[in-house]
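Asker: Below are the sequence and a predicted model; questions follow.
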Amino acid sequence: MSILNSGVTQQLSKKDSKEAADIYWTRYLPYIVLVVVFAAVSIFVPYFLTISNLLSVLLQTASLAILAIGQAAVLILGGIDLSMPGVMALGSIFGAMYMRAGGNPVLGAVIMLLVPAALGLINGISVSYFGMIPFVVTLAMQAITIGAATMITNQISIPVPENFCNAMLTKIGGIPLPIIIVLILTLFLQFAVTKTYYGRWLYSTGTNMRTSRVSGVPTKKVVLAAYSFAGLMGGLAAIIMTSRLYAASPQMGKDAVAMDIIASAAVGGVSTMGGVGTAVNAVIGAIIITLISNVMNMANVSYYLTLVIKGIIIITFVAIDANSRKKSTK
Amino acid sequence: MTIPYLKMDGIAKSFPGVQALKNVTFEASQGEILALVGANGAGKSTLMNVLGGNIEPNSGKIYINGKEVRISSPSDAAANGIAFVHQEMAMLPTMSIADTMYISSFPYKHGLIDYKTIYQRCRVVLKRLGCNFDPRERIRNISPGDQQMVEIGRALLHDPQIIIFDEPTSSLTSREKEHLFEVIRTLKQEGSVIIYISHFLDEVFSLCDRVMVLRNGETAGGGLVSEYTNRDIVKMMIGEKEIDTYYERSEHRAGEEIMRVKGIYRSGVINDISFSLRKGEVVGLWGQLGSGRTEVARALVGLDPIDGGTISIKMGDQMMPVKQSETKKYIGMITENRREEGLLLPMSVCNNMSLANLTNLTKKKPFSSVIDSKLENSETDKYVKRMDIKISSQAQRVETLSGGNQQKVIIGRWLQKNPPIYIMDEPTRGLDVGAKADIRRIISDLAEQGAGILVISSEIEEIMSVSDRYLVMKRGSIVAEFGSNASKEDLVATATGAASKKE
Ligand SMILES: Nc1ncnc2c1ncn2[C@@H]1O[C@H](COP(=O)(O)OP(=O)(O)OP(=O)(O)O)[C@@H](O)[C@H]1O
Ligand SMILES: [Mg+2]
C-alpha cells in the first residue's frame, strides 16, 4: 500500500494492478503532466533550471498549493468550496486592519487564520446540518465575502508592517518559510489522510455517505470538519499571500482565483466526483497550474485567453476522470 | 436433433486473480425456461453479462439460430434480440416510468424526443405485464415490485427473443412473484428463450423446464428439471462436500432487556411502535412488504426521522434513553439495499469490512488515530474465512464481487465490530443455499453469545427458523405478538389481516 494513493485506488496489490493498469493509468497522469510541463518550460525559458528560480516558482506556488489542499478535502467529500478566495481576502483584510490599528503582528496572523476558519465553519454547518447544496452555499459565501472585502477597503489595499512580512518570508537553510510550511503540511496531511481513521472516514463519506452513516461513521462531523479545514487553509494562504504582497487587498479574492484552485485539484488528480485524491495530488496540481500561468504570463497571453485556457484544462481533466470511472465500474 | 436456438460455446473469462468462467458451454431453446443455478460467485452473472454484451469474454463463441454472432456491447445484444433484467436494479427515483424504460434508446421526431410514441408503446408493454401505470408516474411513487415490472418492461420493449432474468424475485411480495411467473410463462408460450437465475430452488422446480448448474466457473451438470431432486441440484452446486443446508432451530435463553422502544412514530409511516428486545433473543419482525417493517428498522438507527417516541438501550446496568442519532453506536444494521446503503462499491474488500470497526483497529497510545493495517488485514481475513467470502485478494474492489459475496461482506463487517444489538433486514438476500443456512447458524451463535437480534425477512421459513418471538406488523403498526410456538398460519393470517380485526 502506497502512501501516495488513497480512496478508490487504495491498496491495489501487485496482482490486481497488472490488469487494472489501463483503468488506473489516470492515476499517474498528474506526474506525467508535471514532468512534461516542467521539461517544456525548462527548454523554452532560460535560467529556469537555476535553484533561485525554482525556489521562486515554489514560493509563488505556496499559497495556491495550500488553497488546493483545502479544496481537495472538500472535493473528496463530493462537495465543492467556491468561497475560498473571498474568505481568504476577508481574513487578510481583517488581520491587516488590526495591525494597522497598532495590533500585534502575531495576533494579526491569528486573525487572518481564524476569520476564514470561522467562515468555513459556517459553510460546513450549512452543508452538513442544514443539508444545503455546497455549490449554492459557497457561491453565496464568495459573494458575501468579496462584497464585504471591497466595501470595507474601498478597493484600496491595506499595507501590513514590514516585520510581519519579513518574518513570514525568512529563509531557513536558504529556503523561504512558506515553502517549508507547505512541505511539512503536505507530509503531515498525506499521512493523516492515508493512515488514520479520520482519513478513511473522509474517503468513505465521499464514496458513499449513506453506507458510511449506517456503519457508524460520524458523517455530519466529517463534512463539517472538511469545510472548516478548507476555511483554515484559506487563512493560512491569506497569511502567506499577504506577506508576499506586503498588503491585504480585495483583489486576492477575485472569482478567477477559484478557477486556479479547482484547476489545481483537478489536474493533480483529485476527483471532482468524490472519494479520490490526496494532499500530494493537490500540491502537484498547484505546481502545474503555476507553471502554466507563468508561461502564459511571459508569452503575453491576454487575461481573458488565460481564463479560456484554464477553463478548458478543468473540463479536460474532469472528463478524463469521469471516463476512467465509467470504465472501472464495468 | 434440432440445433438449439442459442448456443454459447467454450466461453472463458478471467478477472485479475480469478478465472470466473472456464470453457463453459451453454444451450437454450425457444419455448423453454432454463434455470441457471450455482453457488455465490460461480459465474452465473458473468456468463449472462457475456451474452448481454456487458463483458467481453477471453475466448468462446456465441451462436444464435446456428449462426455465429459477435456481441461486444449491450446494443449488439439488443440487436440480436437479447434482453437482460439485471440482478441489481439501478433506478433513478425521480425519473418517470417512460424515461426509465427508454433511457438508452429515446426515439426522436423532428429532433425532439417523441413522447407520444413513447407513452403509447410503454402502455402497450406494461399492459402485457398486467400493469396499468401511467407512464408519466415517477419511479419513487411505485412499489419495488412494480419497479421490477418496469425493469422487465424495459427489457421487453424491443420484442426480444432471449430474455435473461438475474435473481428477479428478491424484492417481490408473494403475489407479485406469482404475477411475474405468469408473465414469464406467457413469454415462454410466445416462443421466447427464457434464462432464469435464482437461488430459490423451489422456484426452479415450479417454473423451469431445464436446469444448468455452474460450479467455480465450470459446467457441473444439467438436464430436465423433472429428473432431479432438490438435493441433486444442491450437490451439483457445491460438490460432494458435506451438504449442510439443514438447520435445526435451537431455543435461545433470553436474558435481561437490552433495548426498549416506546411509542416511536412517524406520521403516515409507522404508528406507536413499542417493544423490547432482550439479550440472547432473536425477534422476528414479520409483515408484508410495505407493512412498515423496514421503516421501523430504519427509524431505530436514525436512517429515517421519527416524530416522537423513545429508544432506550442498556448501558452498564441501566436502561438509558438514547438519541436517535446515537443508536448506531450500539446497533449493527444490515440494510435491505446493499448497493445504496451497505457498500463502498469502488473501495476494497478490506476497507469495506473494517468500516464500522476502525476505531478499534488503531495503534498504541500516541498514534491512537492511526490505523494498524496489519491488524486491519488480519481481522478482515478472519471474517472472510468465517463467512467463506470468495475474493481474489483483500484489495479487490467490492463492486467486482458477486452479489452474494457482497452481502457476506456486509455481514462480516458487523461480525467484526460485534455490537450488542443487531438489526438485519433481509440478511440472506442473494445468498446461495449453503450460505443461507450459514447465516442462520451465525444468527443463532450471536444470540447464544448474548446479542439481541431483530430479523426481518420475506421468507417465512427463514424467519421461523431463527426467531424466538415474533412481532407482526400491518399498515405501520404492530398488530400481534407471538411466542416461539406460533404457527405459519398464525403469522400469515395476522399479517394479511384475514383473521384479526383489531388494529
Ligand atoms: N469486474 C470484475 N473484476 C474482478 N472479478 C470479478 C468481476 N466480475 C466478477 N468477478 C468475479 O467473478 C466471479 C463470478 O462472479 P459472478 O458475479 O458471475 O457470480 P454469480 O454466480 O453471479 O454469484 P451470485 O450468486 O453471488 O450473484 C466472482 O468470484 C467475482 O468476484
Ligand atoms: Mg450474480
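Answerer: All right, it came through fine. In this text the structure is predicted, and so the values were computed from the model without any measurement. Numbering: from 1, shown residues only, chains lettered A, B, ... in the order given. Ligands and ions are numbered 1, 2, ... in the order given.

Asker: quick one: low-confidence parts of chain B?
Answerer: Scanning chain B for pLDDT under 70 picks out B:1-2, B:87-91, B:240-252, B:498-503.

Asker: domain assignment for it?
Answerer: B:6-247, B:249-330+B:419-503, B:345-418 (automatic domain parsing).

Asker: export these to CSV and tack on mean neighbour count?
Answerer: C-beta: built from backbone N, CA, C; applies to glycine. Formatted as CSV, the domains of chain B follow (neighbours: other Cβ atoms under 10 Å in any protein chain shown):
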stretch, mean neighbour count
domain B:6-247, 18
domain B:249-330+B:419-503, 18
domain B:345-418, 20
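
Asker: burial count for A:Ala226?
Answerer: 27 (other Cβ atoms under 10 Å in any protein chain shown).

Asker: Just the buried positions in stretch A:217-228, please.
Answerer: Neighbour counts using 16 or more other Cβ atoms under 10 Å in any protein chain shown place A:Val217, A:Pro218, A:Thr219, A:Lys220, A:Val222, A:Val223, A:Leu224, A:Ala225, A:Ala226, A:Tyr227, A:Ser228 of stretch A:217-228 among the buried residues.

Asker: Just give the nearest non-adjacent residue to B:Val492, would you?
Answerer: Closest residue in space to B:Val492, ignoring its immediate chain neighbours: B:Ile460 at 6.9 Å, by Cβ to Cβ, 6 or more residues apart in numbering or on different chains.

Asker: what's near enough to touch B:Gln407?
Answerer: By Cβ atoms under 8 Å, 6 or more residues apart in numbering or on different chains, the contact list for B:Gln407 reads B:Arg338, B:Gly342, B:Pro427, B:Thr428, B:Arg429, B:Gly430, B:Leu431.

Asker: quick one: which helix or strand includes the fourth one?
Answerer: For B:Thr428, there is no enclosing helix or strand under DSSP states H and E.

Asker: separation between it and chain A?
Answerer: 18 Å (Cβ to the nearest Cβ, to the nearest Å).

Asker: got the contact list for that residue?
Answerer: Counted by Cβ under 8 Å, 6+ apart, B:Thr428 has contacts B:Gln407, B:Ala435, B:Lys436, B:Ile439, B:Ser457, B:Glu459, B:Glu462.

Asker: Also near chain B: which of the buried residues of stretch A:217-228, exactly?
Answerer: A:Val217 (Cβ under 8 Å from any Cβ of the partner chain).

Asker: Just the closest of the buried residues of stretch A:217-228 to ligand 2, please.
Answerer: The shortest approach to ligand 2 among the buried residues of stretch A:217-228 belongs to A:Val217, at 28.0 Å (Cβ to the ion).

Asker: helix or strand for the closest residue to the closest one other than its chain neighbours, which one?
Answerer: Closest residue to A:Val217 apart from its sequence neighbours, by Cβ to Cβ, 6+ apart: A:Trp201 at 5.0 Å. Taking DSSP H and E as the definition, one finds A:Trp201 inside helix A:197-207.

Asker: Can you report how many residues neighbour the residue nearest to A:Val217?
Answerer: A:Trp201: 21 neighbours (other Cβ under 10 Å).

Asker: wouldn't it be in contact with A:Val222 here?
Answerer: Yes - if you go by Cβ atoms under 8 Å, A:Trp201 and A:Val222 touch, sitting 5.1 Å apart.

Asker: residues shared between the contacts of the two?
Answerer: Common neighbours of A:Trp201 and A:Val222 (Cβ under 8 Å, 6+ apart) are A:Ser212.

Asker: do stretch B:317-325 and chain A meet at all?
Answerer: No - against chain A, stretch B:317-325 shows no contacts by Cβ under 8 Å from any Cβ, the least distance being 8.5 Å.

Asker: thinking again about what came up before, ok, so of the contacts of B:Gln407, who is nearest chain A?
Answerer: Ranked by distance to chain A (Cβ to the nearest Cβ), those are led by B:Gly342 at 6.0 Å.

Asker: which residue packs closest to the closest one, ignoring adjacent ones?
Answerer: B:Ile410 (4.5 Å).

Asker: ok, that neighbour touching B:Leu344?
Answerer: No - under the criterion of Cβ under 8 Å, B:Ile410 makes no contact with B:Leu344, lying 10.6 Å away.

Asker: who touches both of the two?
Answerer: B:Asn352.

Asker: For A:Ala20, report the pLDDT, please.
Answerer: As predicted, A:Ala20 sits at a pLDDT of 47.

Asker: if we can go back for a sec, who's in contact with the residue nearest to B:Val492?
Answerer: B:Ile460 touches B:Trp286, B:Lys488, B:Leu491, B:Val492, counting by Cβ under 8 Å, 6+ apart.

Asker: repeat that with 7 Å
Answerer: By Cβ atoms under 7 Å, 6 or more residues apart in numbering or on different chains, the residues touching B:Ile460 are B:Lys488, B:Leu491, B:Val492.

Asker: Tell me the secondary structure of the second one, please.
Answerer: What DSSP: H, G, I helix; E, B strand; the rest coil gives for B:Leu491 is helix.

Asker: Let me see the backbone angles for the closest residue in space to B:Val322 that isn't next to it in sequence.
Answerer: Distances taken as Cβ to Cβ, 6+ apart place B:Ile313 nearest to B:Val322, at 4.9 Å, with adjacent residues excluded. The phi and psi values for B:Ile313, taken as degrees, to the nearest 10, are phi -130, psi 140.

Asker: Pairing partners for B:Ser348 in the sheet, please.
Answerer: B:Ser348 forms beta bridges with B:Arg397, as assigned by DSSP bridges.

Asker: these two touch, right, A:Pro134 and A:Ile80?
Answerer: Yes - between A:Pro134 and A:Ile80 there is a contact under Cβ atoms under 7 Å: 5.3 Å.

Asker: ok, B:Ile487 to B:Met473 distance?
Answerer: For residue B:487 the amino acid is Ser, not Ile. Computed as Cβ to Cβ, to the nearest Å, the B:Ser487 to B:Met473 distance reads 18 Å.

Asker: so which strand or helix has B:Val50?
Answerer: Assigned by DSSP H and E, B:Val50 falls in helix B:44-51.

Asker: and what of A:Met233?
Answerer: helix A:219-245.

Asker: quick one: contacts of the following helix or strand past that helix?
Answerer: Per DSSP H and E, the first helix or strand lying C-terminal to helix A:219-245 is strand A:247-248. Contacts to strand A:247-248, defined as Cβ under 7 Å, 6+ apart, come from residues A:Ser92, A:Ile93, A:Gly95, A:Ala96, A:Ser157, A:Ile158, A:Pro159, A:Val160, A:Thr242.

Asker: Doesn't B:Pro346 belong to a helix?
Answerer: No - according to three-state DSSP, B:Pro346 belongs to no helix; its state is coil.

Asker: okay but it is in contact with B:Glu399, surely?
Answerer: Yes - when contacts are counted by Cβ under 7 Å, B:Pro346 is listed as touching B:Glu399 (6.0 Å).

Asker: Great, nothing more from me.
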